[in-house]
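In: next comes the sequence, and after it the predicted model I'd like to discuss.
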There are 2 protein chains.
Amino acid sequence: MHLTQGLRRSLQLQPSAAAVCFGTRRRTFRELGARVARLAGALQALGMKVGDRVAMLALNSDRYLEYQLAVPWGGGVLNPCNTRWSPAEIAYSLQDSGTEILIIDDGFTSVAPQIQHQAKVVREVIHAGEGNAPAGLHGYEALIEASAPVEDADRGGSDLAGVFYTGGTTGYPKGVMLSHTNLIASAFMGLAQGLIAPDAVCLHAAPMFHLVDFALAQMAWLNGSRHCVIPKFDAEAVLTCIARERVTDMLLVPTMLQMLIDHPAMQAGHDFSSLARVTYAGSPISEMLLDRLMVAFPGVALTQGYGMTETAPMGTFLPAWHHTAEGRKAGKVRSAGRATYGTLVRIVNESDAELPRGTIGEITVKGPNVMLGYWNKPTETAAALRNGWMHTGDAGYMDEEGFIFVVDRLKDMIVSGGENVYSAEVENALAQHPAVAASAVIGVPDDRWGERVHAVITCKPGAGATAQELIAHCKQLIAGYKCPRSVEFREALPLSGAGKVLKSELRKPFWDGRTRQVS
Amino acid sequence: MHLTQGLRRSLQLQPSAAAVCFGTRRRTFRELGARVARLAGALQALGMKVGDRVAMLALNSDRYLEYQLAVPWGGGVLNPCNTRWSPAEIAYSLQDSGTEILIIDDGFTSVAPQIQHQAKVVREVIHAGEGNAPAGLHGYEALIEASAPVEDADRGGSDLAGVFYTGGTTGYPKGVMLSHTNLIASAFMGLAQGLIAPDAVCLHAAPMFHLVDFALAQMAWLNGSRHCVIPKFDAEAVLTCIARERVTDMLLVPTMLQMLIDHPAMQAGHDFSSLARVTYAGSPISEMLLDRLMVAFPGVALTQGYGMTETAPMGTFLPAWHHTAEGRKAGKVRSAGRATYGTLVRIVNESDAELPRGTIGEITVKGPNVMLGYWNKPTETAAALRNGWMHTGDAGYMDEEGFIFVVDRLKDMIVSGGENVYSAEVENALAQHPAVAASAVIGVPDDRWGERVHAVITCKPGAGATAQELIAHCKQLIAGYKCPRSVEFREALPLSGAGKVLKSELRKPFWDGRTRQVS
């Protein structure tokens, strides 16, 4: 299993077919293949040897896809940077992974000097933006032009394919080492479950540094599908791209689906009839959003995937049927679905013993998609990977039919007076108050109870509520010890690159100088 | 990737669902899982250690499926015996692989002493037939009853999963070593290409010792499908099973499809409306057979797979569309299709250089499904596996769109007066004569030309032709040097377990005491 196999197959079977479109740039597989083989040669000429890491810090583009192919083609290892991270965090990940070559686009030329200053290991910077390269940087197109094509280095199987830094929501960035087999096995699981179809036209709207979009890309390469790329998620750009390119498949997070459906361009009379399948990942979908999607995109098959970078990323999936009017009666739409074809899932206690159905414990996943380990972090690797089981850090339970319900991140679980409080349960209660737009519930230090429940709230436009009102509302729905003791109102919640609330950031001011006990 | 993963997933998600039916015996996944875990324990008690080979010599049954699961569950390695082989050939394969435990059914109890006499290594024989076990043999049901269930040994990935003996058509039996990943990757390729559907009910009619049926089984386990088993291919049994069990999916060779369509039971008013997909493998399908299938099973999606034991078995596939009235206009139905999602295919010359499209050479395949090697045969392994490319021994060419056309086994190619004659081309010419039912064209020794073209013919019932007539017929269609110089008439052609003509057997009397040069 090779990241480059799908491209090579398409080069043989359909060289003249459309491969990639980005704005006005369109390339066939033959053109793409030639550029990938040349870029791989250029990277080798810049010193990339087998197993060397090459980073990219950029918005989505056709060049990002070329990077994802050219690095493995040339024998290197991918290290896509989270564009939402601070220069210091990015520099840390580059230095930690020993990444000597960095590709950036125009949005990041200004921070490149700072990153290079902090990450001394970065030796070569390639400018993959538009126009001429700034002084001291290699020009992406010039490199491709000047380089001869090289043969595929034929890396694959358990060879390291990428180091994907994660930890935005948990504080400590760790480099997740994924092999070619990890990534391709995950893609095959998706294809086997019909996540995208043989004649798919795929839209890349989620950030390409993230495995959600990377997973879509891998399925599409295996499939020989056409890739449509927009620089970043933007509701209007997504909707016009679907209409213009006759997009059939996309993979998003629910917050993006919410933004799509709320956007005025939904009413602009675009033709969305091509859209056939939408996979969402990151969290279940609300019933209300589901209802609206069904009206806006009638006939579209919705599928949920659950997983994490460490599972490359497929862990469980909820098939389209459960989202239909008929299927929703089975009541599984609040779940994250069931183990995929290639994986096993267990809910375990702290001693790794499997728990009875319905009992909350840690969700663990085993399969060919489970990471090789964390880069240079044997202790963290040993803690997360035990007997081949990836310990997700998510708390959840399994019902009688094997459906997984995620209740919280274990790290976000609040221990108050010896009782476990799952923040998601409190957030669900808050969400039922008419004034609440979004909420994040965290544990903050309390001298008496160890931790107390604290809620951070954003209100709907024009709506408002007092802390007392919200607490009283919760008391009607959930046990007293689970209800917030304090409430804070904000304009917006801090979000990670994947659209998740950064609870670590919310907790930080409360815990400064103290140590929080987490399982 | 594990052979037992699909069963384990179904045990978690759908323990009460129907798993297997064989005659009047029906079992749920829970019942099947309990039997598999106990049988694995019994095999361990009989001495099966991790990596030990366990053979089965039997017709198809529910117990054959249990064997396929219990051996890997207990940490052992499968060695399914070809039921068409002579006791001496079977004994050779058991002795060669060091197989100490052999499971047989009632059809083979009489030859068991002879096999054990020739294969001294066989220590324990288990009787998986009906009724009481003959003296000296363990009873299959008694072993299951007496044994406690054991935990899955958790073998997988590149661990050896099976030694599959092959060579029926080429003379020399070789044990093909396949890993768990080889077999499961092949199954995922099939699922990704829609070979069977999520709600499939699968019929096992092809022999279970062969990888064609084994591939179907693996897809079905991953899928969580129900398995229906008949003891062996029998047109009437297939047709009644489809109607009774509402079978949706089956995998057969074209000769079996021909026998189905010719059978009087086709006219008996059975309800075949459940049948949705048929995959055939082993050879392309004739246009005439295709026409008849379309009438007999309207709406059934036909797919072709091409491969071999060494590719576990998936190499290329021809999607259903090419078999439809519309798709047949593309003219690919005589091909073996194109590289599957996970593989690469190349046509090479003797120096492994890729040949231009349309030029005949050896078909080679690369992918995660390519075997580990031949058991104890490093020379043969090195000859077949070069740089990860499996050299299939098949001669063929690739067209501009990547479709593969198999023209012959390289070993069956006739070199006459320095010219290559592909037997398939001569056979195609003979097939167009109204009297010819089947033909096999072989090279026989010739003092002047090295080899000369010799045809072995079976005539249609009530029809006949002379050798001169057939030779004259061929001369109208193909070059003179390709036409048979001699013709022999027989009642039937010798067939291998997979339904292929045993040309080695036809050649044998001509070549006794001589050495034939083959590429």
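Out: That came in fine, so what should we check first?

In: chain B contacts on the stretch 101-250 of chain A?
Out: Within the stretch 101-250 of chain A, the positions near chain B by Cβ under 8 Å from any Cβ of the partner chain are A:154, A:156-157, A:181, A:184-185, A:188-189, A:191-194, A:198, A:222-223. (C-beta placed from N, C-alpha, C; glycine too.)

In: mind redoing it with 6 Å?
Out: For the stretch 101-250 of chain A, the contact set with chain B under Cβ under 6 Å from any Cβ of the partner chain comprises A:188, A:191-192, A:222.

In: farthest pair within these?
Out: The largest separation in those, counting by Cβ to Cβ, is between A:A192 and A:L222 at 10.9 Å.

In: could the residues of the stretch 101-250 of chain A next to chain B go into a markdown table alongside neighbour count, pLDDT and secondary structure?
Out: Putting these into a markdown table (neighbours: other Cβ atoms under 10 Å in any protein chain shown; pLDDT from 0 to 100; DSSP: H, G, I helix; E, B strand; the rest coil) gives the following:
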| residue | neighbour count | pLDDT | secondary structure |
| --- | --- | --- | --- |
| A:F188 | 32 | 95 | helix |
| A:L191 | 26 | 94 | helix |
| A:A192 | 23 | 93 | helix |
| A:L222 | 25 | 95 | helix |
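
In: let me know the outermost residue of chain A.
Out: For chain A, the C-alpha lying farthest from the average C-alpha position belongs to A:R448; by Cα atoms, centre = their mean, that distance is 38.2 Å.

In: state the phi and psi torsions of it.
Out: Main-chain torsions, A:R448, degrees, to the nearest 10: phi -80, psi -50.

In: how about it: what's its closest non-neighbour residue?
Out: A:G417 (7.9 Å; Cβ to Cβ, 6 or more residues apart in numbering or on different chains).

In: now that neighbour: how far from chain B?
Out: Plainly put, A:G417 is 35 Å away from chain B if you go by Cβ to the nearest Cβ, to the nearest Å.

In: and A:P445, by the same measure?
Out: Computed as Cβ to the nearest Cβ, the A:P445 to chain B distance reads 40 Å.

In: in the sheet, who's paired with that residue?
Out: Beta-bridge partners for A:P445, by DSSP bridges, are A:E451.

In: ok, A:T166 next?
Out: Here A:T166 sits in beta bridges with A:K174, as judged by DSSP bridges.

In: what's the burial count for it?
Out: Using other Cβ atoms under 10 Å in any protein chain shown, A:T166 has 22 neighbouring residues.

In: pretty sure it contacts A:T311?
Out: No: A:T166 lies out of contact with A:T311 (Cβ atoms under 6 Å); the separation is 11.4 Å.

In: listing request: residues of the stretch 51-200 of chain A with sub-threshold pLDDT.
Out: Within the stretch 51-200 of chain A, the ranges that satisfy pLDDT under 70 run A:168-172.

In: can you do 90?
Out: Along the stretch 51-200 of chain A, the model assigns pLDDT under 90 to residues A:84-89, A:131-132, A:166-173, A:197-199.

In: equivalent analysis for the stretch 401-519 of chain A, please.
Out: Scanning the stretch 401-519 of chain A for pLDDT under 90 picks out A:406-425, A:428-429, A:445-451, A:464, A:476-482, A:494-505, A:507-519.

In: can you map out the strands along the stretch 401-519 of chain A?
Out: Taking DSSP state E, counting those that start in this stretch to define them, one finds strands in the stretch 401-519 of chain A at A:404-409, A:414-416, A:419-421, A:436-446, A:450-459, A:486-489.

In: now render those as CSV, adding mean neighbour count and distance to B:A40.
Out: Below are these laid out as CSV (neighbours: other Cβ atoms under 10 Å in any protein chain shown; distance: least, Cβ to Cβ, whole Å):
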stretch, mean neighbour count, distance to B:A40
strand A:404-409, 21, 28
strand A:414-416, 19, 42
strand A:419-421, 18, 38
strand A:436-446, 21, 46
strand A:450-459, 21, 47
strand A:486-489, 16, 56
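
In: count the neighbours of the residue nearest to A:R448 for me.
Out: The burial count for A:G417: 12, using other Cβ under 10 Å.

In: also A:N349?
Out: 12.

In: mind listing what the nearest residue to it once chain neighbours are set aside touches?
Out: Excluding its sequence neighbours, the residue lying closest to A:N349 (Cβ to Cβ, 6+ apart) is A:G361, at 5.2 Å. Under the criterion of Cβ atoms under 6 Å, 6 or more residues apart in numbering or on different chains, the neighbours of A:G361 are A:347-349, A:355.

In: make CSV out of those and add pLDDT.
Out: As requested, the contacts of A:G361 are exported to CSV (pLDDT from 0 to 100):
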residue, pLDDT
A:I347, 96
A:V348, 95
A:N349, 93
A:L355, 96
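
In: what about the residues you listed, which one has the most neighbours?
Out: Among the contacts of A:G361, the one with the most neighbours (other Cβ under 10 Å) is A:I347, at 22 neighbours.

In: need the longest helix for chain A.
Out: Assignment by DSSP state H gives helix A:29-45 as the longest helix of chain A.

In: for it, what is the average pLDDT?
Out: Averaged over helix A:29-45, pLDDT sits at 98.

In: and A:P298, that's in a helix?
Out: No: applying DSSP: H, G, I helix; E, B strand; the rest coil, one finds A:P298 to be coil, outside a helix.

In: tell me the residues on the stretch 351-500 of chain A that lie near chain B, please.
Out: By Cβ under 6 Å from any Cβ, the residues of the stretch 351-500 of chain A that approach chain B are A:368, A:402.

In: residue in the stretch 351-500 of chain A nearest to chain B?
Out: In the stretch 351-500 of chain A, the residue that lies nearest chain B is A:G402 (3.7 Å; Cβ to the nearest Cβ).

In: for burial, what's the neighbour tally of that residue?
Out: The tally of other residues near A:G402 (other Cβ under 10 Å) stands at 20.

In: list the contacts of it.
Out: A:338, B:12-13.

In: again, 7 Å this time
Out: A:338-339, B:12-13 (Cβ atoms under 7 Å, 6 or more residues apart in numbering or on different chains).

In: just A:G450 next, same as before
Out: By Cβ under 7 Å, 6+ apart, the contact set of A:G450 is A:415-417.

In: list just the nearest of those to B:T392.
Out: Out of the contacts of A:G450, the member with the shortest distance to B:T392 (by Cβ to Cβ) is A:V415, at 61.4 Å.

In: skipping adjacent residues, who's closest to A:T109 in space?
Out: A:P134 (5.5 Å).

In: distance check, that neighbour against chain B.
Out: According to Cβ to the nearest Cβ, A:P134 and chain B sit 40 Å apart.

In: on the three-state scheme, that residue is what?
Out: With three-state DSSP as the basis, A:P134 sits in coil.

In: now render the contacts of A:G450 as a markdown table, adding distance to A:P264.
Out: What follows is the contacts of A:G450, written out as a markdown table (distance: Cβ to Cβ, whole Å):
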| residue | distance to A:P264 |
| --- | --- |
| A:V415 | 45 |
| A:S416 | 43 |
| A:G417 | 48 |
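
In: nearest to B:P113, of the residues you listed?
Out: Proximity of the contacts of A:G450 to B:P113 (Cβ to Cβ) peaks at A:V415, which lies at 69.2 Å.

In: correct me if wrong: the closest one contacts A:R452.
Out: No: between A:V415 and A:R452 there is no contact under Cβ atoms under 7 Å: 10.4 Å.

In: end-to-end on stretch A:332-345?
Out: Start-to-end span of stretch A:332-345 (Cα to Cα, to the nearest Å) is 17 Å.
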